[in-house]
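Peer 1: kindly generate the corresponding structure for this input.
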Amino acid sequence: MNDKLLQRLDDIGNYLVNREDVLGLLGLGSVGVELSRLDQYSDLDFFLIVKKGSKSTYLDSLFWLSDVHPLVYSFRNTVDGYKILFADGIYGEFAVFEENEMKNISFSEGRWIFKKSDCTIKNVQSGPFKPLVSNHTDVAVNELLTNLLVGLQRFRRGERLAAQRLIEVHALNQLISILPSIYVEKNIVADKFNFERRIEFRFPAFAKKIPLFVQGIENIPASAQHLLDFVMAHFDVNKAMADEIRKYAAF
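Peer 2: Okay, the predicted model is just below:
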């Protein structure tokens, strides 16, 4: 059990419960009804439910989180939510919905941290988030970073296959998608349905580095470290997030 994680979610709930435009806070995953899965590598996953017209208040500013504990990283990965890192290393993902939006959202059963009497939501079930239309390079870099962090946490938990998929597949795919912003692409026809195709011919300098990023299920931390080093050599990366990734890659 990760008491620190549950306490953080309770603290967020205590901060929000008296705000008039907030209707409820719903814990999901291992901080939801699946508490038996909670361990030292778990993260926060929650929905904040607010009244109509209040959504932007909680998306345009994350005061309601930083007032509870300082944030050192935030990345708006969907139109509805963020991925975040608190100064003490707690990582989380959340979305904010107005009550009327919930009828179109499907997701696994959650656990109410609090739910006000005027909140009419009864059954909530989970579906895909709408992607945020934004700068692709920025989105890809931040998705890559969060893939590395969560992947390494899963590796340390013992979920090696899930970690390998997140780091050596998903994170690497994010990097491949932004290679044209790093290298001049060779005049080779790309496969618009599979960007990995012919990567060795289109980006030969990068191709030489691929073995560093795909070292296999027994060497996932090394793959993650090399991916992080490469990204930091080419893009501005949040230092706190990089330090947290290195921490899990090192032990």
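Peer 1: only C-alpha atoms from now on, for both contacts and neighbour counts.
Peer 2: OK.
Peer 1: which residue ranges of the stretch 101-250 of the chain form helices?
Peer 2: When assigned using DSSP state H, counting those that start in this stretch, the helices of the stretch 101-250 of the chain occupy the ranges 136-157, 160-164, 172-177, 199-202, 204-207, 210-213, 220-234, 239-250.
Peer 1: nearest to V79 among the ones you listed would be which one?
Peer 2: Checking those against V79 by Cα to Cα gives helix 136-157 as the closest, at 12.2 Å.
Peer 1: between the closest one and helix 220-234, how many degrees?
Peer 2: Using axes from the mean of the first three to the mean of the last three Cα atoms, to 10 degrees, the inter-axis angle of helix 136-157 relative to helix 220-234 is 160 degrees.
Peer 1: in PDB, list the C-alpha atoms belonging to helix 136-157.
Peer 2: Once side chains and other backbone atoms are set aside, the C-alpha atoms of helix 136-157 remain, and they are given as PDB (Å, rounded to 0.1, in the frame of the first residue of the first chain):
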ATOM      1  CA  HIS A 136       3.700  18.000 -32.300                       C
ATOM      2  CA  THR A 137       7.300  18.100 -31.300                       C
ATOM      3  CA  ASP A 138       6.500  19.400 -27.800                       C
ATOM      4  CA  VAL A 139       3.800  16.800 -27.400                       C
ATOM      5  CA  ALA A 140       6.000  14.000 -28.600                       C
ATOM      6  CA  VAL A 141       8.900  14.900 -26.300                       C
ATOM      7  CA  ASN A 142       6.600  15.100 -23.300                       C
ATOM      8  CA  GLU A 143       4.800  11.900 -24.200                       C
ATOM      9  CA  LEU A 144       8.200  10.200 -24.500                       C
ATOM     10  CA  LEU A 145       9.300  11.500 -21.100                       C
ATOM     11  CA  THR A 146       6.200  10.200 -19.400                       C
ATOM     12  CA  ASN A 147       6.600   6.900 -21.200                       C
ATOM     13  CA  LEU A 148      10.100   6.600 -19.800                       C
ATOM     14  CA  LEU A 149       9.100   7.400 -16.200                       C
ATOM     15  CA  VAL A 150       6.000   5.100 -16.100                       C
ATOM     16  CA  GLY A 151       7.900   2.400 -18.000                       C
ATOM     17  CA  LEU A 152      10.800   2.400 -15.500                       C
ATOM     18  CA  GLN A 153       8.300   2.300 -12.600                       C
ATOM     19  CA  ARG A 154       6.700  -0.800 -14.100                       C
ATOM     20  CA  PHE A 155      10.100  -2.300 -14.600                       C
ATOM     21  CA  ARG A 156      11.000  -1.800 -11.000                       C
ATOM     22  CA  ARG A 157       7.700  -3.300 -10.000                       C
END
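Peer 1: redo the helices of the stretch 101-250 of the chain as JSON lines? Include mean pLDDT, distance to A95 and mean neighbour count.
Peer 2: JSON lines is the format used below for the helices of the stretch 101-250 of the chain (pLDDT from 0 to 100; distance: least, Cα to Cα, whole Å; neighbours: other Cα atoms under 10 Å):
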{"stretch": "helix 136-157", "mean pLDDT": "95", "distance to A95": "16", "mean neighbour count": "22"}
{"stretch": "helix 160-164", "mean pLDDT": "97", "distance to A95": "23", "mean neighbour count": "21"}
{"stretch": "helix 172-177", "mean pLDDT": "93", "distance to A95": "22", "mean neighbour count": "18"}
{"stretch": "helix 199-202", "mean pLDDT": "88", "distance to A95": "35", "mean neighbour count": "18"}
{"stretch": "helix 204-207", "mean pLDDT": "93", "distance to A95": "36", "mean neighbour count": "14"}
{"stretch": "helix 210-213", "mean pLDDT": "96", "distance to A95": "31", "mean neighbour count": "16"}
{"stretch": "helix 220-234", "mean pLDDT": "97", "distance to A95": "26", "mean neighbour count": "19"}
{"stretch": "helix 239-250", "mean pLDDT": "96", "distance to A95": "20", "mean neighbour count": "17"}
